[in-house]
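Student: sequence plus the predicted model coming up.
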Amino acid sequence: MNFSVTEENPRNDAGAIPPPPSRPPTSALPVITADRARPTNPAAAPAAAKPARPALAGTAFAGARKALSRTKKALSRRARPLVRRIRRQGPKRLGVAAAVLVVLALLVWWAVAAFAGSGQASAENDSPAPAASSASAPASRGALPLEGVSPLDFQLRDCFKDFDPDAQQSTVVDCATGHSAQLVAVEKYGPDDSYPGRDQLKQKARDVCKAAPLTAKAGDYDLSYKLAYPSPRSWEMGDRRVDCYAATNGGNVIKESLLP
């Protein structure tokens, strides 16, 4: 913000101090001779002694100034060793105090951490273990339909619109709506199992399809099994699932789930 000055200092407008007026010549003034025997003004005698007062005041002021200087020097001489002592001992005491504070802070932190850890451990011990059924339940993926779902994210009982077993992505829909395939069986190998080979994987997929518990409604559709199993490359990337799909070539004509 900018403030405007509205007040003026009158001392700034005084200008230069005028010189004193010139004195008239002394030769034109009359000379008056005073009588030394009889003073004309008796009361003026005491006034003659007044000029001595400034000298006394100046002497007293000078004495006080010297005394103050001597006191200052004495205090300076006495304070100098004390300052040196503080400078010598200050850092040590400060270091000890800092070390004590650090130790206390560590003790407080350790106590808080130990208390929190014991509380968390007791809470974990008191919490009930999740049921096996909830661990095996499929995770919710949102409302259907879902587009662009990867085959590795397919879940048992999923129904697919315009299903293509060779596609990298598919559309998962509600089984009560029109669809052309359903994932009816899934089998998984262990993570430490070695690659069994294409023929063995193919046979495994056939066995899985034969064991799929289809409902009697499956007989109302012209169905065929579609097999999916890992390739050598996908096996190296962690793919261990063998899938079986019940599919029809007639389009999205299935409008119900084929599993009980």
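Tutor: Structure received.

Student: how about residue 163, what does it touch?
Tutor: 170, 179-181, 226, 245, 247 (CB atoms under 8 Å, 6 or more residues apart in numbering). C-beta coordinates here come from the backbone N, C-alpha and C atoms, glycine included.

Student: 10 Å instead, please
Tutor: 170-171, 179-183, 226, 245, 247-248, 252 (CB atoms under 10 Å, 6 or more residues apart in numbering).

Student: before we move on, what about residue 167?
Tutor: Residue 167 touches 151, 160, counting by CB under 10 Å, 6+ apart.

Student: now render the contacts of residue 163 as TSV, adding secondary structure, distance to residue 106 and neighbour count.
Tutor: What follows is those, written out as TSV (DSSP: H, G, I helix; E, B strand; the rest coil; distance: CB to CB, whole Å; neighbours: other CB atoms under 10 Å):
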residue	secondary structure	distance to residue 106	neighbour count
170	strand	58	23
171	strand	59	17
179	strand	64	27
180	coil	67	21
181	strand	64	24
182	strand	62	26
183	strand	58	26
226	strand	65	18
245	strand	62	23
247	strand	67	22
248	strand	71	17
252	coil	69	17
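
Student: can you put these in a markdown table and add pLDDT and distance to residue 70?
Tutor: Formatted as a markdown table, the contacts of residue 163 follow (pLDDT from 0 to 100; distance: CB to CB, whole Å):
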| residue | pLDDT | distance to residue 70 |
| --- | --- | --- |
| 170 | 96 | 104 |
| 171 | 97 | 104 |
| 179 | 98 | 111 |
| 180 | 97 | 113 |
| 181 | 98 | 111 |
| 182 | 98 | 111 |
| 183 | 98 | 106 |
| 226 | 95 | 113 |
| 245 | 97 | 111 |
| 247 | 97 | 114 |
| 248 | 96 | 118 |
| 252 | 97 | 113 |
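
Student: so which of those comes closest to residue 146?
Tutor: residue 171 (6.9 Å; CB to CB).
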